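Asker: the following block contains a protein sequence and its predicted model.
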Amino acid sequence: MVPTEVRARAAALREEIERHNYAYYVLDAPTIPDAEYDRLFQELQAIETAYPELVTPDSPTQRVGGQALDAFPKVRHAVPMLSIRTETDTSEAGARAFDARVRKELGLTDADPPVEYHAELKFDGLAINLRYEAGVLVLAATRGDGETGEVVTQNVRTVRAVPLRLRTAHPPAVLEVRGEVYMRRDDFERYNARQRAAGKPTLVNPRNGAAGSIRQLDPKVAAQRPLSFFAYGLGEVRGWPGAPETHSAALDALVGFGVPVCAERRVCHGADELVAFHAEIAARRDRLPFDIDGVVYKVNRFDLQRALGFVTREPRWAVAHKYPAQEQLTVVEAIDVQVGRTGILTPVARLAPVFVGGVTVTNATLHNQDEIDRKDVRVGDTVIVRRAGDVIPEIVGVVRERRPRPEPPRFDILQHYPTCPECGSHVVRLEGEAAVRCTGGLYCPAQRKQALLHFASRRAMDIEGLGDKLVDQLVDRGLVQTPADLYRLDQAALAGLERMADKSAANLRAAIEASKSTTLARFIFALGIRNVGEATAKDLARHFGSLDALIAATEADLMAVRDVGPIVAQSIVQFFREPHNLDVVRKLRDAGVHWPEDAGVQQSAGILAGKTLVLTGTLPTLTRENAKAMIEAAGGKVAGSVSKKTDYVVAGSEAGSKLAKAQALGVPILDEAGLMALLASAGK
Ligand code: IVH
């Protein structure tokens, strides 16, 4: 009797495997990684071995390969396209077990010499049979179920690596070349980058890129995909005088016919040389230009291959020896952000640790909000993680059916991080940009080094001698946090730095001192405002004439400047709206940084022109000086006491009698946000 739960489990496994089969083979859209699929399949096989009465004719274990897409015509293979036995023991024991089996089957003893093998790579793409008649490609077919495949000649013809005619004066009457259509990793990345830029769908992984392209119904679509091809064997052969007698010679002959064969292959004698090949390729796997999931060993002599024969469509003379999988399932435990040198907040998925591509992975970048939206990754999701080559681990997709209930909310960077996790400055997403950025460019620790290098650069404040290495030291030792701190460095602090002789310290001091006398354009450029380059800085300086006028400018004011569009205008307003930045600007001026100012070409009147404001209490982010500077820059006056003539009272926490008086007199009262809104409102 089969226990009820075992029967139910087998049924559930069959159903789940069939669903994945359909997604993989028919829709070309895998829902789980291969390793996970294999696990399900093996569990079902184990149950069916223990309870053979559970085996149904339609069990996924009872067939090889996939169901053919109806859309393509079918063709019966002249010689079946066999499958290959997989050695899942990724240690060297896998190779030794294969050699031991071969020797036993061939009746060899320890006294006999080592068996000659051919070792090659196991490519990760789509198996294809190319049929050449009299040297001309007449048919290309997928493997299908091994007996019958799909005719994909039109699509395969678009693969440049596949010769349409063999390069020989005396081709065999019939020659079937078997091999793999695959996609190189760089081609895959480039293709996806192009698709992404065009807002079009991307490929899940190179293997799927290859399989999906060949099984495209429209050859024009296939033609746009950068596919490659390697031959690894033969199918039907007729009329080939002097046909090779070993697998390696057959591949050499194909090379002679102009068919691409991967050069990473060699003849090996006995198990030791197979083990060495496996290890050598493992060490270089990441640097190969394409994905492999293992190596393949084949008995080299065709007569021995025939003697060994095959069992249930798997030849006894070949085995695939795997490497650790490059895709695995894991769970997203959290989504954090990292602030980069340029202030971009990059979302990072924190993952339950998972062993993939030979390393334990706990993080994967999610790039930006668009990427999160496209993949719809949420905290708690089960995801497919991929690590191939030296490429940083990435999330390929979400296993939707494993999403927790109730569904976790969509992840929105701006909602989770309204302020920068490094410095608390406001975070914005500029129009037309994928990136979310911290606006505290002058203040944020993550952006410090970048900001300082830019500030000191030749076209900005031109502080000679302040390069990478020095900035690293100054920041790492906590001597400098913002550009304003540069002006407080004394000779003693500088002389204490590595490779800094007294003389060079003195020179640097002098350069810093000299930089105090600058121009408005240089200063504006030095601030490192996003989208404000040298030319824009000059235009801004000419137009506004003074820094305060620039600080007070609204987006509309800014757009009156030559070449300044809405994005640049927005960047500038956001920069000066961030109190941390204003603070640094004030400190720079206090330190003595100065420049000649004038009225500018079109000095704006200022939204607060003629208005009197009174400040009281503690504002949440603005210091009193900064608030005053902003009001004055907008043309307003700050008075010490409230009267009927006061236009606004700006009140923070612990505001006392001035607030009471304003209320009594009916003077409008603003909080900090209200003040900011007022300053930003002009021209809107
Ligand atoms: S030989 C008789 N050699 O692996 C053996 N297959 O199940 C027939 N594959 O999908 C296959 N690299 O496309 C062979 N160097 C290689 C291979 C290779 C990849 C694929 C093949 C098929 C699967 C075999």
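Answerer: Great, that's in hand. Residues are numbered from 1 along each chain as shown.

Asker: for the residue in the stretch 451-600 of the chain that the ligand sits nearest to, which non-adjacent residue is closest in space?
Answerer: Closest approach between the stretch 451-600 of the chain and the ligand, counting by C-beta to the nearest ligand atom: residue 468, at 46.4 Å. The way it works is simple: take the backbone N, C-alpha and C, and place the C-beta from them, glycine included. Among residues not flanking residue 468 along the chain, residue 453 sits closest, at 6.9 Å (C-beta to C-beta, 6 or more residues apart in numbering).

Asker: show me what contacts that neighbour?
Answerer: 466, 467, 468, 471 (C-beta atoms under 8 Å, 6 or more residues apart in numbering).

Asker: ok, back up a step: the residue of the stretch 451-600 of the chain closest to the ligand: neighbour count?
Answerer: If you count neighbours by other C-beta atoms under 10 Å, residue 468 ends up with 9.

Asker: any idea how far it is from residue 449?
Answerer: Separation of residue 468 from residue 449 (C-beta to C-beta, to the nearest Å) stands at 8 Å.

Asker: quick check: residue 209 is in a helix.
Answerer: Yes: assignment of residue 209 by DSSP: H, G, I helix; E, B strand; the rest coil places it within a helix.

Asker: and it, what does it touch?
Answerer: 183, 188, 191, 203, 225, 227.

Asker: same check, this time on residue 319
Answerer: 84, 85, 86, 87, 94, 98, 296, 297.

Asker: how about the contacts made by the nearest residue to the fifth one once chain neighbours are set aside?
Answerer: This means residue 94. Residue nearest to residue 94 in three dimensions, not counting chain neighbours: residue 87, with 3.8 Å by C-beta to C-beta, 6+ apart. Residues in contact with residue 87 (C-beta under 8 Å, 6+ apart) are 94, 95, 97, 98, 319, 320, 321, 322.

Asker: any of the residues you listed buried? List them.
Answerer: 94, 95, 98, 319, 320, 321, 322 (16 or more other C-beta atoms under 10 Å).

Asker: got a markdown table for the residues you listed, with distance to the ligand too?
Answerer: As requested, the buried ones among the contacts of residue 87 are exported to a markdown table (distance: C-beta to the nearest ligand atom, whole Å):
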| residue | distance to the ligand |
| --- | --- |
| 94 | 16 |
| 95 | 15 |
| 98 | 13 |
| 319 | 9 |
| 320 | 6 |
| 321 | 11 |
| 322 | 11 |
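
Asker: tell me the two of those residues that are most distant?
Answerer: Of all pairs drawn from the buried ones among the contacts of residue 87, the greatest distance, 12.1 Å, lies between 98 and 322 (C-beta to C-beta).

Asker: helix or strand for residue 443, which one?
Answerer: Here residue 443, judged by DSSP states H and E, is contained in no helix and no strand.

Asker: so it touches residue 420, yeah?
Answerer: No: judged on C-beta atoms under 8 Å, residue 443 makes no contact with residue 420 at a distance of 9.3 Å.

Asker: look up how far residue 170 lies from residue 314.
Answerer: 35 Å.

Asker: what about the helices in the stretch 501-650 of the chain?
Answerer: Per DSSP state H, counting those that start in this stretch, the stretch 501-650 of the chain has helices spanning 502-515, 520-526, 534-544, 547-552, 555-559, 566-577, 579-590, 624-633. These are given in chain order.

Asker: can I get those in JSON lines including distance to the ligand and mean pLDDT?
Answerer: Putting the helices of the stretch 501-650 of the chain into JSON lines (distance: least, C-beta to the nearest ligand atom, whole Å; pLDDT from 0 to 100) gives the following:
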{"stretch": "helix 502-515", "distance to the ligand": "60", "mean pLDDT": "92"}
{"stretch": "helix 520-526", "distance to the ligand": "56", "mean pLDDT": "97"}
{"stretch": "helix 534-544", "distance to the ligand": "54", "mean pLDDT": "93"}
{"stretch": "helix 547-552", "distance to the ligand": "63", "mean pLDDT": "96"}
{"stretch": "helix 555-559", "distance to the ligand": "58", "mean pLDDT": "93"}
{"stretch": "helix 566-577", "distance to the ligand": "49", "mean pLDDT": "94"}
{"stretch": "helix 579-590", "distance to the ligand": "57", "mean pLDDT": "96"}
{"stretch": "helix 624-633", "distance to the ligand": "66", "mean pLDDT": "82"}
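
Asker: need the ones you listed in TSV (columns: mean neighbour count).
Answerer: What follows is these, written out as TSV (neighbours: other C-beta atoms under 10 Å):
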stretch	mean neighbour count
helix 502-515	16
helix 520-526	23
helix 534-544	20
helix 547-552	22
helix 555-559	19
helix 566-577	20
helix 579-590	20
helix 624-633	19
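
Asker: residue 104: what's it in contact with?
Answerer: With C-beta under 8 Å, 6+ apart, residue 104 has no contacts at all.

Asker: what does the residue lying closest to residue 316 once chain neighbours are set aside show for phi and psi?
Answerer: Leaving out its chain neighbours, the residue that sits closest to residue 316 by C-beta to C-beta, 6+ apart is residue 308, at 4.1 Å. Note on residue 308: backbone dihedrals following degrees, to the nearest 10 are phi -80, psi -30.

Asker: quick check, residue 308 in contact with residue 317.
Answerer: Yes: if you go by C-beta under 8 Å, residue 308 and residue 317 touch, sitting 4.3 Å apart.

Asker: just to revisit the earlier point, run a quick neighbour tally on the residue nearest to residue 316.
Answerer: 17.

Asker: I'd assumed residue 448 was in a strand, is it?
Answerer: No: according to three-state DSSP, residue 448 belongs to no strand; its state is helix.

Asker: for the closest residue in space to it that isn't next to it in sequence, helix, strand, or coil?
Answerer: Once flanking residues are discounted, residue 448 sits nearest to residue 475: 5.2 Å by C-beta to C-beta, 6+ apart. Assigned state for residue 475: helix (three-state reduction, three-state DSSP).

Asker: surely residue 475 meets residue 447?
Answerer: No: look at residue 475 against residue 447 with C-beta under 8 Å: they stay out of range, at 10.7 Å.

Asker: more neighbours, those two?
Answerer: residue 447 (26 against 17).

Asker: check what contacts the helix or strand hosting residue 37 and list those residues.
Answerer: According to DSSP H and E, residue 37 maps onto helix 34-50. Outside helix 34-50, the residues that touch it by C-beta under 8 Å, 6+ apart are 6, 9-10, 13-14, 16-17, 20, 24, 54-55, 59-61, 88, 293, 325, 327-329.

Asker: would you mind measuring from residue 509 to residue 471?
Answerer: The value you get for residue 509 to residue 471, if C-beta to C-beta is used, is 16 Å.

Asker: scratch that, residue 645
Answerer: Residue 645 is 50 Å from residue 471, by C-beta to C-beta.

Asker: so for these two, which sits in the more crowded spot?
Answerer: Set side by side, residue 645 and residue 471 show more neighbours around residue 471, with 20 against 9, by other C-beta under 10 Å.

Asker: assign residue 237 to helix, strand or coil.
Answerer: strand.

Asker: what is the burial count for it?
Answerer: Count around residue 237 with other C-beta under 10 Å applied: 17.

Asker: I'd guessed residue 483 sits against residue 584; true?
Answerer: Yes: using C-beta under 8 Å, residue 483 makes contact with residue 584 at a distance of 6.6 Å.

Asker: now the common contact residues for the two.
Answerer: residue 442.

Asker: on that earlier part again, let's have the contacts of residue 87 in TSV, adding distance to residue 367, pLDDT and secondary structure.
Answerer: As requested, these are arranged in TSV below (distance: C-beta to C-beta, whole Å; pLDDT from 0 to 100; DSSP: H, G, I helix; E, B strand; the rest coil):
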residue	distance to residue 367	pLDDT	secondary structure
94	37	90	helix
95	39	94	helix
97	43	94	helix
98	42	96	helix
319	39	96	strand
320	34	96	strand
321	35	95	strand
322	30	89	strand
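
Asker: ok, now how distant is residue 427 from the ligand?
Answerer: Distance, residue 427 to the ligand, using C-beta to the nearest ligand atom, to the nearest Å: 47 Å.
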